[in-house]
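>>> all I have is the shape, not the residue letters:
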């Protein structure tokens with residue numbers, strides 16, 4: 001993936017602390033009570049910084065005086081902090097890949113700088129964005145703090161990855177269109193309240209994060225294309241928002257129109273068949289290339305414009321996280337409002353036929369949106385040149401013990417894409433191909 005900037009949270013992501021945020025709030029509350037601030041005004045101090053601003057307004061007390069109490073307590077808390085296992089290995093991996101690093105935290109600058117010095121992290125980050133560096137209205141979970149970082153680097157959100165342990169870290173990424181990873185099991189150092197938001201990826205700890213990043217930074221997208229001049233330009237534009245040019249592999253399957261010219265103009269990798277070999281031939285060529293190049297994640301993505309980039313990220317998720325070896329984007333489990341009835345009926349028949357040969361039922365066996373890990377992809381042997389390949393891939397994956405999972409997606413159908421793909425005649429051909437293959 002074309003990740004050019006990684007933005008880390010600090011507390012609960014890279015470092016933990018013996019003192020919890022609940023305990024810190026109790027200390028802060030005790031200090032404020034000793035200053036004569038009524039308990040009814042203090043409330044539960046959630047979140048702390050915003051609560052201090054409110055208290056200063058309601059009591060007429062000097063904000064800086066109250067804020068200094070919080071900063072002192074934060075800085076003392078850092079002295080008892082510890083680095084999570086795998087933190088430096090993850091940071092080294094990112095830096096060694098030439099990816100820029102920034103830190104975005106709700107902590108004060110004094111506490112942040114002390115934490116980085118204490119744990120030897122100060123050399124990793126070219127930008128530190130703390131609570132003291134942005135206006136209150138920009139502080140995360142508001143998007144302004146992250147936007148300032150992106151503007152500093154001049155990097156697009158889709159080429160940025162935000163990593164944190166809390167919804168407050170993920171929300172600004174979601175709002176700006178950046179990628180996000182949630183670290184789920186670092187309870188030490190996490191804020192004392194929850195915010196529900198869906199990240200792109202999840203990992204328990206930084207140890208698993210390193211493995212996930214290695215996969216994301218070695219992802220290939222195979223795009224089989226036959227006479228797709230009407231759509232391939234926009235399809236590639238969408239993919240290029242998230243993937244590097246050399247990671248996108250267009251297999252020009254003997255096209256007679258401008259497919260080859262348009263694909264080359266986008267700078268992506270183009271492999272060409274001199275004659276039309278069919279979908280199976282194109283996928284076989286593309287998968288073999290990606291495996292040979294060491295792809296750890298391999299997506300297949302149709303060139304006719306019926307897939308959404310956001311759905312591709314969803315299909316990647318279980319494979320990237322190590323929960324599956326092979327994921328299929330299922331239109332039948334997602335929004336089928338645009339899927340023609342004849343397509344749904346035809347797919348159901350082919351799903352049943354595929355299940356007979358694969359020993360596993362998949363609700364959308366003919367889906368062109370898939371994700372393999374490199375090991376599973378290397379075991380797939382494609383012998384069907386035409387549309388039967390979609391069923392053959394599932395049969396092969398099942399035969400070799402690949403863990404298969406389905407992910408709901410939405411297919412975008414146009415008059416153009418409806419005319420392509422499988423139909424009744426192709427369905428009979430697929431069934432016969434599978435039968436003949438089984439008998440060989």
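Arrived safely. Not measured: the values here are computed from a predicted model.

>>> for residue 128, see how far away the spatially closest residue to residue 13 that is not a sequence neighbour is.
In space, and not counting its chain neighbours, residue 13 is closest to residue 165: 4.7 Å by C-beta to C-beta, 6 or more residues apart in numbering. Any C-beta I mention is one placed from the backbone N, CA and C, and that applies to glycine too. Computed as C-beta to C-beta, to the nearest Å, the residue 165 to residue 128 distance reads 18 Å.

>>> now residue 93
For residue 93, the distance to residue 128 - C-beta to C-beta - is 20 Å.

>>> residue 165 and residue 128: which is more packed in?
Under the neighbour definition other C-beta atoms under 10 Å, residue 165 and residue 128 were set side by side, and residue 165 has more, 26 against 17.

>>> so how far is residue 203 from the more buried one?
From residue 165 to residue 203 the distance is 10 Å (C-beta to C-beta).

>>> show me the contacts for the closest residue to residue 262 other than its chain neighbours.
The shortest distance from residue 262 to any non-neighbouring residue, by C-beta to C-beta, 6+ apart, is to residue 233 (5.0 Å). Going by C-beta atoms under 8 Å, 6 or more residues apart in numbering, residue 233 touches 262, 265, 266.

>>> state the distance from residue 233 to residue 81.
Applying C-beta to C-beta, the value for residue 233 to residue 81 is 51 Å.

>>> can you map out the strands along the stretch 51-200 of the chain?
81-83, 100-104, 127-129, 160-164, 179-183 (DSSP state E, counting those that start in this stretch).

>>> tell me which of the ones you listed is the most buried.
strand 160-164 (a mean of 27; mean count of other C-beta atoms under 10 Å).

>>> other SSEs contacting that strand?
strand 5-8, helix 167-176, strand 179-183 (3 or more C-beta pairs under 8 Å, 6 or more residues apart in numbering; DSSP states H and E).

>>> any low-confidence regions in the protein?
187-194, 334-344, 346-347, 414-440 (pLDDT under 70).

>>> for the residue nearest to the spatial centre of it, grab phi and psi.
Centroid check for the chain by C-alpha atoms, centre = their mean gives residue 200 as the closest residue, at 3.7 Å. Backbone torsions of residue 200, given as degrees, to the nearest 10, read phi -70, psi -40.

>>> roughly how far does it sit from residue 216?
Where residue 216 is concerned, residue 200 sits at a distance of 10 Å (C-beta to C-beta).

>>> likewise for residue 294?
Here residue 294 is placed at a distance of 14 Å from residue 216 (C-beta to C-beta).

>>> closest to residue 132 out of the contacts of residue 233?
The closest of the contacts of residue 233 to residue 132 turns out to be residue 266 (C-beta to C-beta; 43.3 Å).

>>> can you tell me the element the residue nearest to residue 262 falls in?
Residue 233 is part of helix 232-240 when elements are defined by DSSP states H and E.

>>> swap in residue 386?
Going by DSSP H and E, residue 386 is not in any helix or strand.

>>> how many neighbours does it have?
16.

>>> wait, doesn't it sit right on residue 280?
Yes - with contact defined as C-beta atoms under 8 Å, residue 386 counts as touching residue 280 (5.7 Å).

>>> just to revisit the earlier point, so which of the contacts of residue 233 comes closest to residue 249?
Nearest to residue 249, judged by C-beta to C-beta, of those is residue 266 at 12.1 Å.

>>> gap between that closest one and residue 58?
Taking C-beta to C-beta, one finds residue 266 at 57 Å from residue 58.

>>> comparing the two, which residue is more hemmed in?
For residue 266 and residue 58, the more surrounded residue by other C-beta under 10 Å is residue 266, and the numbers stand at 17 against 11.

>>> how much space is there between the more buried one and residue 307?
Residue 266 is 17 Å from residue 307, by C-beta to C-beta.

>>> same question for residue 227.
Separation of residue 227 from residue 307 (C-beta to C-beta): 18 Å.

>>> the two: which has the busier surroundings?
Neighbours were tallied for residue 227 and for residue 307 using other C-beta under 10 Å; the higher tally belongs to residue 307 (27 against 17).

>>> what does the closest residue to that one other than its chain neighbours show for phi and psi?
Of all residues not flanking residue 307 in the chain, residue 369 sits nearest, at 4.9 Å (C-beta to C-beta, 6+ apart). Dihedral pair for residue 369: phi -100, psi 110, per degrees, to the nearest 10.

>>> same question for residue 401.
According to degrees, to the nearest 10, residue 401 has phi 80, psi 20.

>>> next up, the contacts around it.
Residue 401 neighbours (C-beta under 8 Å, 6+ apart): none.

>>> what segments of the stretch 101-250 of the chain are helices?
109-118, 144-153, 167-176, 206-216, 232-240 (DSSP state H, counting those that start in this stretch).

>>> can I get these in JSON lines including distance to residue 17?
As requested, those are exported to JSON lines (distance: least, C-beta to C-beta, whole Å):
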{"stretch": "helix 109-118", "distance to residue 17": "9"}
{"stretch": "helix 144-153", "distance to residue 17": "22"}
{"stretch": "helix 167-176", "distance to residue 17": "17"}
{"stretch": "helix 206-216", "distance to residue 17": "16"}
{"stretch": "helix 232-240", "distance to residue 17": "41"}
